[in-house]
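K.L.:
have a look; sequence and predicted model below, questions after that.
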Amino acid sequence: MLRRGVAEFIGTFTLIFIGGGAGIVSGQDIVAVALANGLAIGIMVSNLGHISGGHFNPAITLGFVATRRITLPLAAAYWASQFAGAIVAAAILRGLFSHGDFLGAVPHAAGFGAGKGLVVEIILTFFLVWAVFATAVDPRGAFKSIAGLAIGLTITIDVLMGGPLTGAAMNPARAFGPQLVGNFWGEGWIYYLGPVLGALIAATAYEYLYLRPLQPPVVGTPESGVAEPRPGDTALD
């Protein structure tokens with residue numbers, strides 16, 4: 001649990017420090033911010049995915065809890081590590097930049113509206129969690145080959161579309177760290193409710209549509225002519 005928690009801390013720290021930092025130093029250049037966020041997650045998933053699964057996002061962890069792919073105590077350790085990584089990264093950024101500049105790292109939807117912003121955050125998070133389940137969870141997916149790339153690029157396209165509207169957080173920790181350190185909570189609730197709803201919809205939909213067998217596998221003896229299932233196959237139901 002400690003090793004996995006440290007991995008989640010490092011991955012989330014990287015996202016906020018690089019993604020939020022890019023928002024500050026680039027003057028909110030949308031391409032720079034999109035690439036920084038996507039590359040940060042893509043690289044960290046590739047580096048640490050084999051240790052913790054590479055969540056780096058409390059909403060993704062919640063999706064794993066909802067589909068019974070992670071125990072609640074381990075999920076709690078992930079959540080603590082993710083929020084801690086976000087806070088530490090935000091605090092360092094705040095120490096490097098003025099308060100006015102630092103606010104460039106805080107997602108907000110002042111010009112777009114909280115109601116419409118909530119819809120955007122739900123949809124963007126749905127895309128992200130769908131990509132995670134399709135590549136990293138589905139045994140038929142390409143985790144060893146392109147999971148980090150696919151997940152990172154999903155974040156990139158999400159930020160390219162939603163960045164100018166809401167900041168495209170898709171991640172409660174991504175919002176909470178900068179909000180807490182910067183003491184700026186404008187439209188803050190959409191960055192918690194939106195990712196939670198989007199993650200739950202995507203995780204449960206993918207789980208029940210593609211990962212649950214329609215019926216238990218047939219167990220037969222060699223004499224019956226029916227192939228024996230591989231170890232663990234009979235537990236899928």
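P.N.:
All right, it came through fine. Residues are numbered from 1 along each chain as shown.
K.L.:
C-alpha only now, for contacts and for neighbours.
P.N.:
Will do.
K.L.:
okay, now residue 209: neighbour count?
P.N.:
11 (other Cα atoms under 10 Å).
K.L.:
identify the residues contacting the residue nearest the centre of the chain.
P.N.:
The C-alpha lying nearest the average C-alpha coordinate of the chain belongs to residue 57 (Cα atoms, centre = their mean; 4.0 Å). With contact set as Cα atoms under 8 Å, 6 or more residues apart in numbering, residue 57 has these partners: 12, 79, 82, 171-174.
K.L.:
those in helices, which ones?
P.N.:
12, 79, 82, 172-174 (DSSP state H).
K.L.:
ChimeraX command to pick out the buried ones of these?
P.N.:
Selection command for ChimeraX covering only the buried members of the ones in helices among the contacts of residue 57, criterion 16 or more other Cα atoms under 10 Å:
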select :12,79,82,172,173,174
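K.L.:
could I get the ones in helices among the contacts of residue 57 as CSV with pLDDT and distance to residue 181?
P.N.:
Converted to CSV, the ones in helices among the contacts of residue 57 look like this (pLDDT from 0 to 100; distance: Cα to Cα, whole Å):
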residue, pLDDT, distance to residue 181
12, 98, 16
79, 98, 18
82, 98, 15
172, 97, 14
173, 97, 12
174, 96, 12
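K.L.:
hmm, which two among the ones in helices among the contacts of residue 57 are most spread apart?
P.N.:
79 and 174 (12.1 Å; Cα to Cα).
K.L.:
how far away is residue 147 from residue 102?
P.N.:
31 Å (Cα to Cα, to the nearest Å).
K.L.:
do the same with residue 111
P.N.:
Note on residue 111: its distance to residue 102, by Cα to Cα, is 19 Å.
K.L.:
average pLDDT across whichever strand or helix holds residue 49?
P.N.:
Per DSSP states H and E, residue 49 falls inside helix 30-52. Across helix 30-52, pLDDT averages out at 95.
K.L.:
and that helix, what's buried?
P.N.:
Quick answer for helix 30-52 (16+ other Cα under 10 Å): 30, 32-46, 48-49, 52.
K.L.:
which one's more surrounded, residue 111 and residue 102?
P.N.:
Comparing residue 111 with residue 102 by other Cα under 10 Å, the one with more neighbours is residue 102, at 23 against 10.
K.L.:
could you measure from that one over to residue 202?
P.N.:
Going from residue 102 to residue 202 by Cα to Cα gives 32 Å.
K.L.:
mind checking which helix or strand of the protein has the lowest mean pLDDT?
P.N.:
When the helices and strands of the chain are compared on mean pLDDT, DSSP states H and E, helix 143-166 comes out lowest with a mean of 90.
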